[in-house]
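Q: How does the following fold in three dimensions:
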Amino acid sequence: MFILVTLVFVLMRTTGDPITAALGGRLSADQLQERIQEAGFDRPVIVQYFEYIGQIFTGNFGTTLSDNRPVIEVLLTYGTATFELAFYALIVAFAIGIPFGLLAAYHRDKGQDASLRVFAILCYATPVFFSGLLLKLIFSVWLGWLPVAGRASTGATIEMETLPNKTGFYTIDAIMTGNPAVLGDVLAHAVLPAIALGLLTAGVFLRLVRTNVIGTLSTDYVDAARSRGVSEYRLVRKHAYRPALIPIITVMGLQIALLLGGAVLTETTFEWKGLGFQLTEYLQARDFVAVQGIVVLLAVLVAITNFIVDIIAALIDPRVRY
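A: Numbering: from 1, shown residues only. The predicted structure is shown next:
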């Protein structure tokens, strides 16, 4: 995390001071210099770096230059949308990747296996924005089944905003309203973004499950069960399934990084107003203070998630501890 924070800080400073990058050309030279001095960007970079490190430890990520908001407020406001989208995408990845991976292993080296492996490659290789546009074209424009963009319709959003203790997670807020129509509206808006982002990870899970199930099927205890007359379907479902899930738990931490990275393009494609959507807005405004805060938060979350996943993997599989 320390290396990541340092790297982000250095990269942001290679463009010069953030005030000039964001407001240069819109303020006079005197006004620009005054703003630079007020923000402390005229001091040596090493001094700014240590001050920034100290501010992060106190939860202060600075103030945005384009809309003058504390970066921590932006993170709290839009972070819930990104986490909600990543959660739905992970469900899609599990729902598609694990069953299809088992199916490919069961029909290994046959036509079904080859087709599913090609499907997995397409899922991983297709850019998120392209698959998102295709989904919108088919299910929103041509068929008219699902909403084109956004997290909820205007009426549902207004009803959720009136809640006294709203969480920012639209699914939870929709449940709190007690109105099934609001919940249905929120879930309908989440379907296409979740599929577009979930397919990216589903391809990884599919190939991983297939490889590990095939490897497990060649172990001694599976051969012993096969010699007792256990069917191949039962061997895959009962004996090879659970051991094959352990590597998925390990890889899940890396896939969280993939989901958060893909969320930037997914949120922009579907106008899902989360951290990814805001990140593109701040990049266009050259608000590098906000960009720095969002990138640092995402990097820290990925590092923490990987650490937690390693602990969970060690608890599930004792072999990891030795």
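Q: ok, how many other residues are close to P180?
A: 10 (other CB atoms under 10 Å). All C-beta spots, glycine's among them, are computed from the backbone N, C-alpha and C.
Q: One more: the one 4 residues further on?
A: The number of residues packed around G184, counting by other CB under 10 Å, is 12.
Q: contacting residues for the residue nearest to A313 when sequence neighbours are not counted?
A: Among residues not flanking A313 along the chain, T250 sits closest, at 4.8 Å (CB to CB, 6 or more residues apart in numbering). Counting by CB atoms under 8 Å, 6 or more residues apart in numbering, T250 touches V309, D310, A313.
Q: For the first one, give me its contacts.
A: Right, the one you point to is V309. Contacts of V309 (CB under 8 Å, 6+ apart): I249, T250, M252, G253.
Q: just these now: which is nearest V186?
A: Closest approach to V186 among the contacts of V309 (CB to CB): M252, at 25.3 Å.
Q: Against L90, how distant is the closest one?
A: 8 Å (CB to CB, to the nearest Å).
Q: likewise T250?
A: In terms of CB to CB, T250 sits 15 Å off from L90.
Q: And for N179?
A: Counting by CB to CB, the gap from N179 to L90 is 27 Å.
Q: In terms of packing, which of those two has more residues around it?
A: Higher neighbour count among N179 and L90: L90, with 20 against 15, using other CB under 10 Å.
Q: That one and G198 touch, don't they?
A: Yes - using CB atoms under 8 Å, L90 is in contact with G198, at 7.0 Å.
Q: now the stretch 151-300 of the chain, which segments are flagged as low pLDDT?
A: 236-242, 244 (pLDDT under 70).
Q: one step back: out of the contacts of T250, which comes closest to A224?
A: A313 (26.6 Å).
Q: Give me the buried stretch members for the host helix or strand of the closest one, please.
A: Using DSSP states H and E, A313 maps to helix 288-316. Residues 288-299, 301-303, 305-306, 309, 313 are the ones in helix 288-316 that count as buried (16 or more other CB atoms under 10 Å).
Q: now stretch 213-230
A: Under 16+ other CB under 10 Å, the buried positions of stretch 213-230 are V213, I214, T216, L217, V222, A225.
Q: Kindly present those as a markdown table, with separate columns for distance to N165.
A: Formatted as a markdown table, the buried residues of stretch 213-230 follow (distance: CB to CB, whole Å):
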| residue | distance to N165 |
| --- | --- |
| V213 | 45 |
| I214 | 50 |
| T216 | 47 |
| L217 | 51 |
| V222 | 52 |
| A225 | 53 |
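Q: Sort out for me which of those residues are in helices.
A: In this view, the buried residues of stretch 213-230 that belong to helices under DSSP state H are V213, I214, T216, V222, A225.
Q: between those, which is closest to L279?
A: V213 (37.9 Å).
Q: Which residue is the nearest non-sequential neighbour of the closest one?
A: A105 (3.7 Å).
Q: Nothing else from me, thank you.
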